[in-house]
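Participant: Got a predicted structure here, sequence first:
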Amino acid sequence: MNTIEMGDARILIKKVGDNSVSAVYFDPPFKTGRKFKLTPSSDIGFDDIFANDKDYIALIEPIIVESKRALTKDGSFFFHISAAEMFIPEALCRKHFDFVRPIFWKRSRSKNNIKNKLGAVTDVIFWCSTSKKPKFNLVYQPLDAYYSENSYKNKDKRGNYALGHIVYSKTQKAKDENRYYEFTIGERSWNPQYGWRVDRDELQRLLDDDRIHIPLKRGNLYRKIYKHESKGKPATDIWDDIHSIAMGSESRKYPTQKPVSLLERIVEMSTDAGDVVLDPMCGSGTTAVAAKKLGRGYIIFDQNPDAIKIAKENLK
Ligand SMILES: C[S@@+](CC[C@H](N)C(=O)[O-])C[C@H]1O[C@@H](n2cnc3c(N)ncnc32)[C@H](O)[C@@H]1O
C-alpha cells in the first residue's frame, strides 16, 4: 500500500517495517544556510539553516540508521547532497553502510551569471548498501557524441555498426571450459587463445543472423553492434545527461525539486516492479511519481504541509 504522511520523518520512519523497502532516496536540506522559496514572494519552501554540525547530524543520522533497518538485505540507500556539502553525509554513510559508491550528477551545463567563483554544477548521490551486490538493473545513458560519430564506421544491409569484442584477451580470460573451441567459417578457422565470450551455439546463432563481422584478411571475429539498435551506453557514475528543473519553469512547483528522470534512473536501477521505495523528506513527491510510473510502491513523508499538498497533486 502506498503511504503519504505529514510529520517529522525521524518519528514517522520508525513505523516502516524491517526489511520492507528495496530503496531509500534521501534528499534532505543540505545545510546551505539558506531559506528556499519557490519565488521571492512565495511562502512555499523550507529553511535550510542549522546552528551547527551537531544539529544537522541530529536531523540526518537517525534517518540513515532507520533506513538501514527498513531496507531489504539487497536494498540500496541513496543520499543526495551538493558537492560543497558532501563531507558530513559521506562520513555518516560510511559509518553506517559497508559499501558507499558516489554518483556525480552534473545538474546543469553552465552558470553564466558567475563572475568571481567557479560555477557549482555538481551534486553527489552516495549509493550505499550493506550487501556487496545490491539489487541492480542495468540502466543506460545516451552515447557520447564522439563515440557515436566515430565508432559506427562499418556498414551492411541492416545499417551502420560498431565492433563488439567476442573474444577475451590476456587481461581477462574465459573462465568456462566450453568457451575454448575452434570455430570454422568456410575455409577459415578461429580458436582464440583466451577463449570466446559466447558459447558455440550462441556464436553460430549470431553468424546465421549475419551479426558477426568477418575480417577480410587476418584478425578476430567481432559482434556487430548496430547504431539503430543501441539503447545507449551502460550508465557510468557520472550523470551528465539529466538536467535540473530550471527556475521559473512551469513544471517547478517546489524549490529544490528534482527532475523525475533522475529518480526514474535511481528507482529503475535499484528496484524491480512491485518493490517499495521510501523517501523520508519527499518535498514535491518526485520519488513517488517515478515509483508510480515504474510500477513500484512508495512511502513518502515531509513535515511541510505545502510539500505534502504538492506531492498529492503530482501523484494524481
Ligand atoms: C531538498 S527538499 C526535497 C526535495 C524533493 N526531493 C523534491 O524532488 O521535491 C528537502 C525536504 O525536507 C523536508 N524536511 C526537512 N526536515 C524534515 C523533517 N524533520 N521531517 C520531514 N521532512 C523534513 C523539507 O520540508 C523539504 O521539503
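Facilitator: In hand now; what should we look at?

Participant: Next, the contact list for the one residue in the stretch 151-300 of the chain that gets nearest to the ligand, please.
Facilitator: Taking CB to the nearest ligand atom, the ligand has its nearest neighbour within the stretch 151-300 of the chain at residue 283, 2.6 Å off. The C-beta positions use only the backbone N, C-alpha and C, and glycine is treated the same way. By CB atoms under 8 Å, 6 or more residues apart in numbering, residue 283 lies in contact with 27, 46, 254, 256-258, 302, 304, 307, 310-311.

Participant: can you do 6 Å?
Facilitator: Shown in contact with residue 283 (CB atoms under 6 Å, 6 or more residues apart in numbering): 254, 307.

Participant: swap in residue 285?
Facilitator: 300, 311, 314-315.

Participant: Just give the number of residues close to residue 153.
Facilitator: Counted by other CB atoms under 10 Å, the residues lying close to residue 153 total 10.

Participant: Narrow the contacts of residue 285 to just the buried residues.
Facilitator: Neighbour counting by 16 or more other CB atoms under 10 Å classes 300, 311, 314 among the contacts of residue 285 as buried.

Participant: From those residues, pick the one nearest residue 232.
Facilitator: Nearest to residue 232 among the buried ones among the contacts of residue 285, counting by CB to CB, is residue 314 at 27.1 Å.

Participant: quick one: pLDDT of the nearest residue to the closest one once chain neighbours are set aside?
Facilitator: For residue 314, ignoring the flanking residues on the chain, the nearest one in space by CB to CB, 6 or more residues apart in numbering is residue 285 at 4.9 Å. With respect to pLDDT, residue 285 has a value of 98.

Participant: what's residue 285 sitting at in phi/psi?
Facilitator: Main-chain torsions, residue 285, degrees, to the nearest 10: phi 80, psi 20.

Participant: Buried residues, stretch 298-306. List them.
Facilitator: Those would be 298-304, 306, for stretch 298-306 by 16+ other CB under 10 Å.

Participant: hmm, I was thinking of stretch 165-180
Facilitator: Under the neighbour-count criterion of 16+ other CB under 10 Å, stretch 165-180 has 166-168, 174, 179 buried.

Participant: Report all helices and strands that the lengthiest helix in the chain contacts.
Facilitator: Determined from DSSP state H, the single longest helix within the chain is helix 53-70. Helices and strands touching helix 53-70, by 3 or more CB pairs under 6 Å, 6 or more residues apart in numbering; DSSP states H and E, are strand 21-26, helix 87-96.

Participant: hmm, the first one touching the ligand?
Facilitator: No: with CB under 6 Å from any ligand atom as the criterion, the ligand is not reached by strand 21-26; the gap is at least 7.5 Å.

Participant: Show me how far that strand is from its chain's centre.
Facilitator: 13 Å (CA atoms, centre = their mean, to the nearest Å).

Participant: Quick check: neighbours of that strand in the sheet, parallel or antiparallel?
Facilitator: The pairing partners recorded for strand 21-26 under DSSP bridges are strand 71-82 (parallel), strand 276-279 (parallel).

Participant: Residue 13: how many residues sit nearby?
Facilitator: 22.

Participant: and the gap between it and residue 26?
Facilitator: Distance, residue 13 to residue 26, using CB to CB, to the nearest Å: 10 Å.

Participant: Out of the buried residues of stretch 165-180, show me where the pLDDT dips lowest.
Facilitator: Among these, residue 174 has the lowest pLDDT, at 93.

Participant: what's the pLDDT at the closest residue to it other than its chain neighbours?
Facilitator: Spatial nearest neighbour of residue 174, excluding adjacent residues (CB to CB, 6+ apart): residue 195 at 2.5 Å. On pLDDT, residue 195 comes in at 97.
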